[in-house]
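Colleague: The following comprises the amino acid sequence and a computationally predicted model.
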Amino acid sequence: MRLSHLADYAVVLMTAAARREPGGRLSATELAAETGVPLPTAQKLMSQLSGAGLMTSVRGAGGGFSLARPAADISLADIVEAVEGPIVLTLCSDGKNQDCALDAHCRIKPHMGVVGNAVRGALNAVPLTSLCSPASAGGLAQ
């Protein structure tokens, strides 16, 4: 499994926002300049993250984007799902009827929800705060 560029960029933008004082606002232009994410992409992602309830936006002078809740209460799963949609590992396990040549004989399909839930659980266990601190040599900082 690999995150798309958009999901990766969303994580980068969210960590930049999380490093600010609580309630501190940033424009998409400031976030793009700070992170290197192209401005049109930053604008698109900030809109998606706001729509998912992870960011709040205020228009006008003094406006900008800020985290909608404390960074400790936002998980990597929240960010990925805001951009990618529900975390599923196969097309047939997303609850939609996908055409698959193996569907009539597949014994794995009923179990893929369990696998997807395990992956989501692992991503859910990574709070945004842990992505804002320096990484330790062995993995994520705690």
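Modeller: Noted; the coordinates are in hand. Numbering: from 1, shown residues only.
Colleague: Report the buried residues of the lowest-mean-pLDDT helix or strand in the chain.
Modeller: Within the chain, no helix or strand scores below helix 109-124, which has a mean of 85 by mean pLDDT, DSSP states H and E. Across helix 109-124, burial judged by 16 or more other CB atoms under 10 Å covers 112, 116, 120, 123-124. Where C-beta positions appear, they are placed from N, C-alpha and C, glycine not excepted.
Colleague: Which residues lie in contact with the spatially most central residue of the chain in this structure?
Modeller: For the chain, residue 79 is the residue whose C-alpha lies nearest the centre (CA atoms, centre = their mean; 1.7 Å). For residue 79, the contact set (CB atoms under 8 Å, 6 or more residues apart in numbering) comprises 7, 10-11, 14, 49, 54, 128.
Colleague: Low-confidence ranges, this structure, go.
Modeller: Along the chain, the parts satisfying pLDDT under 70 run over 1, 91-99, 134-142.
Colleague: is it true that the residue nearest to the centre of the chain lies in a helix?
Modeller: Yes: when DSSP: H, G, I helix; E, B strand; the rest coil is applied, residue 79 is found to be in a helix.
Colleague: what separates it from residue 35, distance-wise?
Modeller: From residue 79 across to residue 35, the span is 14 Å (CB to CB, to the nearest Å).
Colleague: One more: residue 43?
Modeller: Taking CB to CB, one finds residue 43 at 13 Å from residue 35.
Colleague: Tell me which stretches of the chain form helices.
Modeller: Secondary structure of the chain, counting by DSSP state H: helices at 5-18, 28-35, 39-51, 76-84, 109-124, 128-132.
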